[in-house]
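K.L.:
What follows is a predicted protein model with its sequence.
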Amino acid sequence: MNKRLIKTAQFFEHKTATNADGTRLRARRNGATKIWKTRPDDFRIPVKHGLYDYGYIDHDNHLDWVSV
């Protein structure tokens, strides 16, 4: 994902994780992207997937996700 998608994308799909029905794991943005001034390459996107699960897409795991 590039900087524009990191700031604007609303929906994401995981490349390898699947749901119980076999479809790709989907997540939606749940807040604003956090970007640090002192570490410009680091970011954190809060996401929600499923009914009760929350998490983050960040600079460590962003290669596992694609924007939809």
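P.N.:
Sure thing, it's come through.
K.L.:
For the chain, just list every one of the strands.
P.N.:
Secondary structure of the chain (DSSP state E): strands at 11-18, 24-29, 34-35, 43-49, 53-58, 65-67.
K.L.:
how about stretch 10-30: buried residues?
P.N.:
For stretch 10-30, the neighbour count (16 or more other Cβ atoms under 10 Å) marks Phe12, Glu13, His14, Leu25, Ala27, Arg29 as buried. No exception for glycine: its C-beta is placed from N, CA and C like everyone else's.
K.L.:
what sits opposite the residue nearest the centre of the chain in the beta ladder?
P.N.:
What sits nearest the mean C-alpha location of the chain, by Cα atoms, centre = their mean, is Ile57, with 3.8 Å. Using DSSP bridges, the beta-bridge partners of Ile57 come out as Ile45.
K.L.:
wait, what's in contact with it?
P.N.:
Phe12, Ala27, Arg44, Ile45, Val47, Trp65 (Cβ atoms under 8 Å, 6 or more residues apart in numbering).
K.L.:
ok, of these, which one's closest to Lys3?
P.N.:
Ranked by distance to Lys3 (Cβ to Cβ), the contacts of Ile57 are led by Ile45 at 12.1 Å.
K.L.:
what's near enough to touch the closest one?
P.N.:
If you count contacts by Cβ under 8 Å, 6+ apart, Ile45 has them with Ile6, Arg29, Thr33, Lys34, Tyr56, Ile57, Asp58.
K.L.:
I'm done for today, thanks for sticking with me.
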